[in-house]
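Participant: For reference, the sequence and a predicted model appear below.
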Amino acid sequence: MSKNIILKIDDLEKYFNNLHVLKKVSLKIPKQSIYGVLGPNGSGKSTLMRIIAGLIKSWDGSIFFKNKKLNYDNPKILRNFGFMIESPAFYEYLSALENLKLFSNLTGTKLNTIYKILKLVKLQKRMNEKVKNFSYGMKQRLGIAQTLLHKPEILILDEPNNGLDPTGIKNMESIINHLKNEGKTILLSTHILSEVENICTNVSILKKGEVVTSLDINDIHKNSNKFLIHTDNVKKAQLILHNFKDIIILKSNFNSLSVSSKNLNFDKLVKILNDKITIQSIKKESTLIDFFHD
């Protein structure tokens, strides 16, 4: 196993009675990555996360952490992990700080560390408020705080943005990026394509219990031949690009158009358009959606 692989999942299989939920699922999670497991509802994502967390006891296959096979009979085996598998549960009539102090009795976390974690998840100004008054997004961030108390190396997050409003999603993505920059590895499940494109470094796509592809996000962008053009003159841009047989206009709206060409590069596209219309931005589009389609 590569030294860079912190978590390796080999041929994971799970049946619920006659229902084959996971079919030889294998993943290699690089250290300090944000690894997304992307799939529609019912693809097996949550089952996979619950197996890693030790919440499902019966399954076939192997899981390795830093080259060592995880033995779930050893209660200390998961001390390097932090889990948020379902909506976190707290004592609603206690404050955020009081809740974390209770959990810290299990982890031996010092008070100063709790304050730092609350600041990280942007709850330091609300830490003395009762949790019953918190929004769903605040409770999710407090859930992240709880997973960090024992200083785990890797976080396992099942649909962390599920149910959040746009502000909540932005806050969660900011926290996850910060944790990666601090050296953490994050494995998260999601059914939201944009969530993977915005924050993940790697992704595996799960469909009907099978991994259909595993990708490095940087490679997707680098190899993409799709471009998104923002301009205040979409009609003129279309007329210009129609003169080039190797350029296909995929879609357009009032201020942007998406184009594709196997022979097109960024500099050539800028040269074609820049002297004739005002371009607000041009960027490569991810092709991840092509892999996600049924």
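Facilitator: Sure thing, it's come through. Numbers count the residues shown, from 1 in each chain.

Participant: drop to CA atoms for contacts and neighbour counts, all remaining ones
Facilitator: Noted.

Participant: the strands in the stretch 101-250 of the chain, which residues?
Facilitator: 154-158, 185-190, 202-207, 210-216, 226-231, 248-252 (DSSP state E, counting those that start in this stretch).

Participant: Check the average confidence over the fourth one, would you?
Facilitator: Think strand 210-216. Over the span of strand 210-216, the pLDDT mean works out to 90.

Participant: Could you do stretch 176-193 as well?
Facilitator: 93.

Participant: Which one, of the strands of the stretch 101-250 of the chain, ends up nearest to Ala237?
Facilitator: Nearest to Ala237 among the strands of the stretch 101-250 of the chain is strand 226-231 (8.0 Å), distances taken as Cα to Cα.

Participant: Now the closest residue to Ile249 other than its chain neighbours: which helix or strand?
Facilitator: Spatial nearest neighbour of Ile249, chain neighbours left out: Val259 (4.4 Å); criterion: Cα to Cα, 6 or more residues apart in numbering. Val259 belongs to strand 256-260 when assigned by DSSP states H and E.

Participant: helix or strand right after that strand?
Facilitator: On the C-terminal side of strand 256-260, the closest following helix or strand by DSSP H and E is helix 266-274.

Participant: re the thing from before, ranking the strands of the stretch 101-250 of the chain by burial, who's on top?
Facilitator: strand 185-190 (a mean of 26; mean count of other Cα atoms under 10 Å).

Participant: what about dumping the CA coordinates of that strand to CSV?
Facilitator: The C-alpha atoms that make up strand 185-190 are tabulated as CSV, following Å, rounded to 0.1, in the frame of the first residue of the first chain:
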residue,chain,number,x,y,z
THR,A,185,-8.2,13.6,6.1
ILE,A,186,-12.0,13.9,5.4
LEU,A,187,-14.1,11.1,3.9
LEU,A,188,-17.6,12.4,3.1
SER,A,189,-20.7,11.0,1.4
THR,A,190,-23.0,13.2,-0.7
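
Participant: Where do the helices of the protein begin and end?
Facilitator: 45-52, 96-107, 111-120, 136-148, 166-181, 193-199, 217-223, 234-241, 266-274, 288-292 (DSSP state H).

Participant: Determine which stretch of those helices is the most buried.
Facilitator: helix 136-148 (a mean of 22).

Participant: pLDDT averaged over that one - what is it?
Facilitator: 94.

Participant: Show me what it is packed up against.
Facilitator: If you count contacts as 3 or more Cα pairs under 8 Å, 6 or more residues apart in numbering; DSSP states H and E, helix 136-148 packs onto strand 81-84, helix 96-107, helix 111-120, helix 166-181.

Participant: Make TSV from those and add distance to Asp73 to it.
Facilitator: Below are the helices and strands packed on helix 136-148 laid out as TSV (distance: least, Cα to Cα, whole Å):
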stretch	distance to Asp73
strand 81-84	15
helix 96-107	19
helix 111-120	30
helix 166-181	29
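
Participant: of the ones you listed, which approaches Asn18 most closely?
Facilitator: strand 81-84 (28.2 Å).

Participant: Now that closest one: average pLDDT?
Facilitator: 94.

Participant: Output the contacting helices and strands for the strand holding Val259.
Facilitator: strand 226-231, strand 248-252.

Participant: Need the residues that contact it.
Facilitator: The contact list for strand 256-260, computed with Cα atoms under 8 Å, 6 or more residues apart in numbering, reads 225-232, 234, 247-252.

Participant: for the strands of the stretch 101-250 of the chain, which one sits closest to Ser87?
Facilitator: strand 154-158 (9.1 Å).

Participant: which helices and strands does the closest one pack with?
Facilitator: By 3+ Cα pairs under 8 Å, 6+ apart, strand 154-158 packs against helix 45-52, strand 81-84, strand 185-190.

Participant: Run the angle between that strand and strand 185-190 for me.
Facilitator: Angle between the axes of strand 154-158 and strand 185-190 is 10 degrees (criterion: axes from the mean of the first three to the mean of the last three Cα atoms, to 10 degrees).
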